[in-house]
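[1] Here's a sequence, model it:
(one chain, ligands or ions: 1)
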Amino acid sequence: MIRTPDGPAPAPAPGPTRPDHPTRPDHPAPAGDLAPAEHPARYEHPALPGELRWRRPRGADQARVLAVLDDWWGGFGGEAGSRQRALLLPRLFFQHFADTSVLGEAADGRLTAFLIAFRSAAQPDAAYIHFVGVDPALRRRGVAAGLYRWLFAQAAADGARRVEAITSPGNATSVAFHTALGFRIIPGQRTVDGVDVQVDVQVDYDGPGLHRIAFTRPLTHADTSPASAG
Ligand SMILES: CC(C)(COP(=O)(O)OP(=O)(O)OC[C@H]1O[C@@H](n2cnc3c(N)ncnc32)[C@H](O)[C@@H]1OP(=O)(O)O)[C@@H](O)C(=O)NCCC(=O)NCCS
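    Next up, the predicted model:
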C-alpha cells in the first residue's frame, strides 16, 4: 500500500463509465477502443433499412461479429475458411475504421448485419469494402444493398471515385450480389465456375493458394443522392 505522511493514499478514482465495456478500474477498456466522437446523423441515412437500428461499431462488437461468422457464412470453406475469416477481422477494424463501417441490431439488441469498410489511405480516390454479412433470416430483402449504398453515399460525398472489394472463389452468392450492385470483375489469370458464367480469379492474390475474385465499381455524383437508396 502507498503511504503518505497523512496515512494511506486514497484509492484512485474509477475511470469514466463506458457503455461498451464493463467498468472495472483494474480492467480498463483497451486503448484503441477509446474512440471520441459518435456520429449518429451518419447512421440516419435513407439507404439503411428502417426496421433495424444502425450504429457505428465499437471495439467490443468484434467478439459479437466473430461469434456469428461461421453461421452466417454457412461454414463456407470448412475449418480453413473459418480460421481465415476470423483472422480477417481483428479488433482494429472496429476501432480505427468505425466511421466508415456500420452495424445493425434488432429491437432486442440481436446482431443482424454489419459492413466493415474504409477509405484508402494510399489511394484517396478509392474506398474499400472489407467485409459484409447479413443474418440468414434477413437475406434477399435488400439489407446488404442498403449497407453498400450507404457506403457509396459516404465515400462519394467525401470525394472517392471508386469502390473495391474481393471475395473468395466459390462464393457464388457474393459474386451475384456484387454484380447486381454494379461491380465489375477485374480480369484475372484463371477462371472458375460462377452462376451461369466463368468468373475471373486473381491467383495467389492473398498468399499461396489464397485466390480471390476482385471487384471494382465507379462512384458517381448519383451515388451521393438519397435517391440512389431505392
Ligand atoms: C452476400 C450477402 C451479404 C447478401 O446480403 P442480402 O442482404 O441478402 O443481399 P440483398 O438482399 O441486398 O441482395 C441484393 C441483390 O444481390 C443479388 N443477390 C443477393 N443474394 C443472392 C443470392 N443468394 N443469389 C443470387 N443473387 C443474389 C440479387 O440480385 C439481389 O437483388 P434481388 O433480391 O432483388 O434479386 C449475404 O448473402 C451474406 O451475408 N452472405 C454471407 C456472407 C458473405 O458471403 N459476404 C460477402 C463476402 S465478404
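
[2] Surely Gly104 touches Phe114?
    Yes: applying CB atoms under 8 Å as the test, Gly104 and Phe114 come out as touching, 6.9 Å apart. Yep, even glycine has a C-beta here, placed from its N, CA and C like the rest.

[3] Around the ligand, pick out the residues from the chain.
    Residues of the chain lying near the ligand by CB under 6 Å from any ligand atom: 72-73, 131-134, 139-145, 167, 171, 173-174, 176-177, 180.

[4] at 8 Å instead, please
    With CB under 8 Å from any ligand atom as the criterion, the chain comes near the ligand at residues 72-74, 76, 113, 129-136, 138-148, 165, 167-168, 171-174, 176-177, 179-181, 195.

[5] nearest residue to Leu219 other than its sequence neighbours?
    Using CB to CB, 6 or more residues apart in numbering and skipping the chain neighbours, the partner closest in space to Leu219 is Ala156 (4.3 Å).

[6] ok so, going back, so which of the residues of the chain next to the ligand are in helices?
    Per DSSP state H, helices hold the following members of the residues of the chain next to the ligand: 72, 143-148, 172-174, 176-177, 179-180.

[7] And the residues of the chain next to the ligand, which of them are buried?
    In terms of neighbour count (16 or more other CB atoms under 10 Å), the buried residues within the residues of the chain next to the ligand are 72-73, 76, 113, 129-135, 138, 143-148, 165, 167-168, 171, 174, 177, 179, 181.

[8] who's in contact with the most centrally placed residue in the chain?
    The C-alpha lying nearest the average C-alpha coordinate of the chain belongs to Ile116 (CA atoms, centre = their mean; 1.4 Å). Going by CB atoms under 8 Å, 6 or more residues apart in numbering, Ile116 touches 57, 89, 93-94, 97, 101, 129-132.

[9] now Phe94
    57-62, 65, 101, 116.

[10] so it sits in a helix?
    Yes: assigned with DSSP: H, G, I helix; E, B strand; the rest coil, Phe94 falls within a helix.

[11] how much space between Gly194 and Val175?
    5 Å (CB to CB, to the nearest Å).

[12] neighbour count winner among these two?
    Val175 (22 against 19; other CB atoms under 10 Å).

[13] got a list of what the more buried one touches?
    By CB under 8 Å, 6+ apart, the residues touching Val175 are 167, 185, 194-195, 199, 213.

[14] give me that answer again for 7 Å
    Counting by CB atoms under 7 Å, 6 or more residues apart in numbering, Val175 makes contact with 167, 194-195, 199, 213.

[15] Reformat the residues you listed as CSV; add pLDDT.
    Shown next, in CSV, are the contacts of Val175 (pLDDT from 0 to 100):
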residue, pLDDT
Thr167, 96
Gly194, 72
Val195, 68
Val199, 91
Ile213, 96
